[in-house]
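1. I need the structure of the sequence given here:
(one chain, ligands or ions: 2)
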Amino acid sequence: MAERNSNTQDEAYAKIVKEIVRCTNFAAIKHKDQRRKDKQKTPYVNHVIGVAHILVSEGGISDVSVIQAALLHDTVEDTDTSFYELQAEFGEDVATLVKELTDDKSLPKAERKALQIAHAQHASYRAKLVKLADKLYNLRDLRRATPEGWTEERVQEYFEWAAQVVAGLKGTNPALEEALDQLFRERGVEMIAS
Ligand SMILES: Nc1nc2c(ncn2[C@@H]2O[C@H](COP(=O)(O)OP(=O)(O)O)[C@@H](OP(=O)(O)OP(=O)(O)O)[C@H]2O)c(=O)[nH]1
Ligand SMILES: [Mn+2]
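-> Ligands and ions are numbered 1, 2, ... in the order given. Next comes the predicted model:
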């Protein structure tokens, strides 16, 4: 009986590992032609893998759908991927989460950015986790390297905007919020809820 239990557990575990690797591979293929905005033109997929890594290593998250949503969070926004495709490949749960994380790129940029601030506090707990990790990754990336064509003023504005978004995500994950707080303090940026 003990052996049967352990076999069942091994199978469930193997299935999860396989799903996460399949999802990472899907993201890598979808983002294959996309690069980050840094001088070295880092592959874009480094970002989504990094966001998933922050969730597991710093956020203590082991919810498989959340990790998958982190890996897929920019596929619809930035590639030819549809929600229908995500639903067929990874199920309703993951597709719905990605939907929550997707900006409407047909809107003017200023409106898109304002909507992120306005919507943050209404997001689901699981979407908030990915949003926190996404902002943490991007702010650390800004500290590491300035995107090509960005002035110091634009970098500062991104920090200030991100602080307003993060203000709406409070009370979600202490470790991620503490890491973000630290970055904002370093920059002299205040987190004020709108
Ligand atoms: N810091 C940094 N960001 C880069 C780099 N390359 C690409 N990005 C992406 O650029 C976005 C931030 O740039 P913006 O000019 O503010 O926004 P936009 O690309 O959506 O127009 C982020 O999108 P996002 O992930 O959808 O997040 P969010 O800004 O919407 O929260 C980030 O992932 C880079 O080298 N450094
Ligand atoms: Mn992102």
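
2. list the contacts for the residue nearest to Ala145 when sequence neighbours are not counted?
-> Nearest residue to Ala145, sequence neighbours excluded (Cβ to Cβ, 6 or more residues apart in numbering): Asp38, at 4.3 Å. Every residue, glycine included, has its C-beta placed from N, CA and C. Applying Cβ atoms under 8 Å, 6 or more residues apart in numbering to Asp38 gives the contacts 141, 144-148.

3. Which of these sits closest to ligand 2?
-> Asp141 (10.0 Å; Cβ to the ion).

4. Pretty sure the closest one sits in a strand.
-> No. Applying DSSP: H, G, I helix; E, B strand; the rest coil, one finds Asp141 to be helix, outside a strand.

5. Report the separation between it and ligand 1.
-> Counting by Cβ to the nearest ligand atom, to the nearest Å, the gap from Asp141 to ligand 1 is 4 Å.

6. and what of Ser124?
-> On the measure of Cβ to the nearest ligand atom, Ser124 and ligand 1 end up 17 Å apart.

7. again, but for Lys18
-> From Lys18 to ligand 1 the distance is 27 Å (Cβ to the nearest ligand atom).

8. gap between the least confident helix or strand in the chain by mean pLDDT and the chain center?
-> The helix or strand of the chain with the lowest confidence, counting by mean pLDDT, DSSP states H and E, is helix 2-30 at a mean of 93. Helix 2-30 has its average C-alpha position 21 Å from the chain's average C-alpha position, going by Cα atoms, centre = their mean, to the nearest Å.

9. and that helix, what other elements does it pack with?
-> Applying 3 or more Cβ pairs under 8 Å, 6 or more residues apart in numbering; DSSP states H and E, one finds that helix 2-30 makes contact with helix 45-57, helix 64-72, helix 75-78, helix 83-90.

10. Show me which positions of that helix end up buried.
-> Buried residues in helix 2-30, counted by 16 or more other Cβ atoms under 10 Å: 19-20, 23-24, 26-28, 30.

11. how far off helix 83-90 does it point, in degrees?
-> 150 degrees (axes from the mean of the first three to the mean of the last three Cα atoms, to 10 degrees).
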